[in-house]
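Q: Below is the sequence, then the predicted model.
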Amino acid sequence: MDKEKQLDDLFGIPTLTERDAEKMGFNPSSNDNLRDVLNKKKNGLRNRFKLIPRVLSKKERCLILGLLLIILGSLMSIPITIYYHFTESTAARGGTIEEGFIGEPRHINPLLSQSDADRDLVKLTYSGLLKYNSEGKLVPDLAKSYEISQDELNYTVHLREGIKWHDGTTLKADDIIFTIGITQNQDYSSLQRINWQGVELEKINDYTIVFKLRNKYAQFLNNLTLPILPQHKWENIKPINFALSELNLKPIGSGPYRFKKLQKDKSGHIVLYELEASSNFYDGQPFIDKVRIKFYESEDTLINAYNKNEVGNLSFVSSQNLKKLKFRQRLVTENIKMPRYFGVFFNQNQSKILSDKSVRLALAYATNKEYLIDKVLENNGIAINSPILEEIFEVNQKSRKYDYDKEQALEILQKAGWDKKDENGILKKGDDRLSIKLTTSTWPELATVAQNLKEQWSQVGIELEIENLPPSVLQQAIRDRTYQMLLFGEILSLDPDLFSLWHSSQKRDPGLNLGLYDNKNADVILEEARKTLNPGDRLNKYLEFQSLVIDDLPALFLYSPHYLYSHSKQIKGFKNAIISTPADRFSGIDSWYIETRRVWR
């Protein structure tokens, strides 16, 4: 019994009976040490387990190992699965946008901005009373709400309260009155002045203003997208110094991003701009911390910079240059609708040939627009037949169009007396050759379109002389209307006023009636349309105007290209399907994000 008690003390096991001891190979009457016996049994078990792999086949061993791993993985995945099931990914603060712009900023000032670089930076740093949302609809921005009087002449705007400028000063009605005041003052040479003539402002209180119009103007709400300047920063700057102020390059606005720093090269050109998220932004601090912008002379140098990893976003890429981009897998190229179009505008005052409608009609039938969209735009655009962009303005009634038909073009010309050919195959009428001059830009896309038109029209016996002019020279030719035909583009707003583009009063500079269109019936319709606030009624008037333009053919409408914006795949939250201007691609940038975090549902 003493030995049995010793077993209990040493091993914490119950006292063994003689039968149990015998089963374990231990004879209580002998002098064997129980510890040795137990170790022998333990080692025996180990040896038996070691024999298992030898007994099992390789397939069976792999199967068992696999099952063990599955069980282990399942056990480990349970908490992870539970976490992801009851949480969701959401935007988090952090990250930097690195974008390349074409051009160099000069006036980051909404009243003076001319270039895309200027307007892009204005969009990031300033805010207007209204703005366009991702669907191209006007919505409040600095404004909280607005009302239009019964006579449609007074617009009462209520501001959001508590909005801060980037320097922390409160934005109030005085800032709006000040901005519109200097816009209307010709001493400041604002490019927006024409939009504000005849408008009076009345301050009701610090957060309420009334805009008073002399005449009804359907597109007035578009004017309220004008970004607002801070009075306390600009009020002491005289008109003569307005364009020279340092604030034109170091802006203080109320937009989602605020100026941090700029960098110039040895020649004094700005090469880098850095903005940081504004903690004062009325809709909450943007998720992305910084926007770093680098400036390049041309699209080619911008693409080269991207290929060298200098930037992650490209402000614009033409269809023809998309194939030049390396690392395409890193990019998302947004194909965005924008209300702009390109066409050939006929100046009948400069060409006797073009004053013959038969020739203009033949040119329309001899133009293969689908070929241009395929070869020049890489299918990133749509063919158009009138100044009403039906895809963008959601027009159900399709316009009449001149389908590509070379035989029809030849027949029209022959009936008009162009029934002979010279040795080069150019049609003649008496001693007159069917030769016309086309003026356009040196921009590669338009130069390519011009060459394609030359080839297409030559097939029906029309000789085309192409004149490619640099921007400054071309602008002068447009102002003087010294072209026979002009291959050029027009940018509309998302609620366009066609008056400035087609009314006979706009035939001369600074008017934009590039086709010198003059039709009394069309003038009346345009005058009525700009006074019709109801969108449906106004559209019906424009459709009536459209029929006149298609019949008179003051221009040959070609295509509306989509805007291509290539940005890093890291950027999420981009929703803009339609924009009014290239700068509007930044609409909603305060909701873009790069970093994410998980939160419980």
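A: Structure received. Computed from a predicted model, the values in this text were never measured in an experiment.
Q: Strands of the stretch 201-350 of the chain, start to end?
A: Using DSSP state E, counting those that start in this stretch, the strands found in the stretch 201-350 of the chain span residues 208-213, 257-264, 270-277, 290-296, 313-314, 331-336, 340-346.
Q: nope, the stretch 51-200 of the chain is what I was after
A: Along the stretch 51-200 of the chain, counting by DSSP E, counting those that start in this stretch, strands occupy 87-92, 96-102, 130-132, 138-140, 143-148, 154-159, 199-205.
Q: now for the last one, which elements pack on it?
A: With contacts defined as 3 or more C-beta pairs under 8 Å, 6 or more residues apart in numbering; DSSP states H and E, the secondary structure elements packing on strand 199-205 are helix 173-184, strand 208-213. C-beta here means a position set from N, CA and C on the backbone, and glycine is covered the same way.
Q: D265 is nearest to which of the ones you listed?
A: helix 173-184 (32.5 Å; C-beta to C-beta).
Q: Only the buried residues of the closest one, if you could.
A: Neighbour-count burial for helix 173-184, counted by 16 or more other C-beta atoms under 10 Å, picks out A173, D175, I176, F178, T179, I180, I182, T183, Q184.
Q: could I get these as CSV with distance to D116 and pLDDT?
A: Below are these laid out as CSV (distance: C-beta to C-beta, whole Å; pLDDT from 0 to 100):
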residue, distance to D116, pLDDT
A173, 31, 98
D175, 26, 98
I176, 26, 98
F178, 27, 98
T179, 22, 98
I180, 25, 98
I182, 24, 97
T183, 21, 97
Q184, 26, 97
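Q: List just the nearest of the residues you listed to I163.
A: Each of the buried residues of helix 173-184 was scored against I163 by C-beta to C-beta, and D175 proved nearest at 9.5 Å.
Q: Now for the closest one: which residues touch it?
A: Residues near D175 by C-beta atoms under 8 Å, 6 or more residues apart in numbering: I228, L229, P230, Q231.
Q: Which residue, other than its chain neighbours, is closest to G168?
A: Counting by C-beta to C-beta, 6 or more residues apart in numbering, G168 lies nearest to N280, which is 6.5 Å off, once chain neighbours are set aside.
Q: what sits against that neighbour?
A: If a contact means C-beta under 8 Å, 6+ apart, then N280 has K164, W165, H166, G168, S254, R258 as its contacts.
Q: By neighbour count, which of those residues wins?
A: Ranked by neighbour count (other C-beta atoms under 10 Å), the contacts of N280 have S254 at the top, with 26 neighbours.
Q: How about that one, nearest residue that isn't a chain neighbour?
A: S127 (4.7 Å).
Q: re the thing from before, nearest to L446, of the strands of the stretch 51-200 of the chain?
A: Distance to L446, taken as C-beta to C-beta, is lowest for strand 96-102 among the strands of the stretch 51-200 of the chain, at 15.8 Å.
Q: Could you list the residues in contact with that closest one?
A: So strand 96-102 is contacted by 116-117, 120, 288-299, 302, 305-306, 310-316, 567-568, 571, 592, 594 (C-beta under 8 Å, 6+ apart).
Q: I'd like the average pLDDT over that strand.
A: Mean pLDDT, strand 96-102: 97.
Q: just how off-centre is that strand within its chain?
A: 13 Å (C-alpha atoms, centre = their mean, to the nearest Å).
Q: and what of stretch 356-371?
A: Remark: stretch 356-371 is offset 33 Å from the chain centroid, using C-alpha atoms, centre = their mean.
Q: Mind listing what's buried along that stretch?
A: Buried, per 16+ other C-beta under 10 Å, within stretch 356-371: 356, 358-369.
Q: ok, so of those residues, who is nearest Q546?
A: For these, the nearest to Q546 is A364 (15.1 Å; C-beta to C-beta).
Q: hang on, isn't the closest one packed against L556?
A: Yes - A364 lies in contact with L556 (C-beta atoms under 8 Å); the separation is 5.5 Å.
Q: any idea how far F345 is from A529?
A: 21 Å (C-beta to C-beta, to the nearest Å).
Q: cool, and G284?
A: Using C-beta to C-beta, G284 is found at 46 Å from F345.
Q: So these two - more neighbours on which side?
A: The residue with more neighbours, out of G284 and F345, is F345; 23 against 12, by other C-beta under 10 Å.
Q: Name the strands paired with the helix or strand encompassing L556 and say parallel or antiparallel.
A: Assigned by DSSP states H and E, L556 falls within strand 555-561. If you go by DSSP bridges, strand 555-561 pairs up with strand 340-346 (antiparallel), strand 381-383 (antiparallel).
Q: show me what contacts the closest residue to L111 other than its chain neighbours?
A: Nearest residue to L111, sequence neighbours excluded (C-beta to C-beta, 6+ apart): S190, at 4.0 Å. Neighbour list for S190: L111, L112, I182, T183 [criterion: C-beta under 8 Å, 6+ apart].
Q: now those residues as TSV including distance to I491?
A: TSV is the format used below for the contacts of S190 (distance: C-beta to C-beta, whole Å):
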residue	distance to I491
L111	19
L112	18
I182	25
T183	20
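Q: Show me which of those is closest to L498.
A: Of all those, the one with the least separation from L498 (C-beta to C-beta) is T183, at 23.3 Å.
Q: shouldn't S254 be in contact with L124?
A: No - S254 lies out of contact with L124 (C-beta under 8 Å); the separation is 11.5 Å.
Q: and for those two, which residues touch both?
A: Contacts common to S254 and L124, judged by C-beta under 8 Å, 6+ apart, are absent.
Q: that older thread, could you single out the most deeply buried of the strands paired with strand 555-561?
A: Greatest average neighbour count among these goes to strand 340-346 (a mean of 24), per mean count of other C-beta atoms under 10 Å.
Q: Other residues contacting that one?
A: Around strand 340-346, the neighbours that count as contacts under C-beta under 8 Å, 6+ apart are 354, 360, 363, 384, 387, 389, 438, 446, 449, 453, 483-492, 514-515, 553-561.
Q: What does the pLDDT read for the closest residue to Q506 other than its chain neighbours?
A: Nearest non-adjacent residue to Q506, counting by C-beta to C-beta, 6+ apart: N513, 4.0 Å away. Looking at N513, its pLDDT stands at 96.
Q: what's near enough to touch the nearest residue to Q219 once chain neighbours are set aside?
A: Computed as C-beta to C-beta, 6+ apart, the closest residue to Q219 that is not its neighbour in sequence is D497, at 4.5 Å. By C-beta under 8 Å, 6+ apart, the contact list for D497 reads A218, Q219, N222, R530.
Q: 10 Å - rerun?
A: Listed by C-beta atoms under 10 Å, 6 or more residues apart in numbering, the contact set of D497 reads N195, Y217, A218, Q219, F220, N222, H503, L526, A529, R530, R538.
Q: What is the neighbour count of the closest residue to the first one other than its chain neighbours?
A: When the adjacent residues along the chain are set aside, N195 lies closest to N223, with 5.0 Å between them (C-beta to C-beta, 6+ apart). Applying other C-beta under 10 Å, we find 20 residues neighbouring N223.
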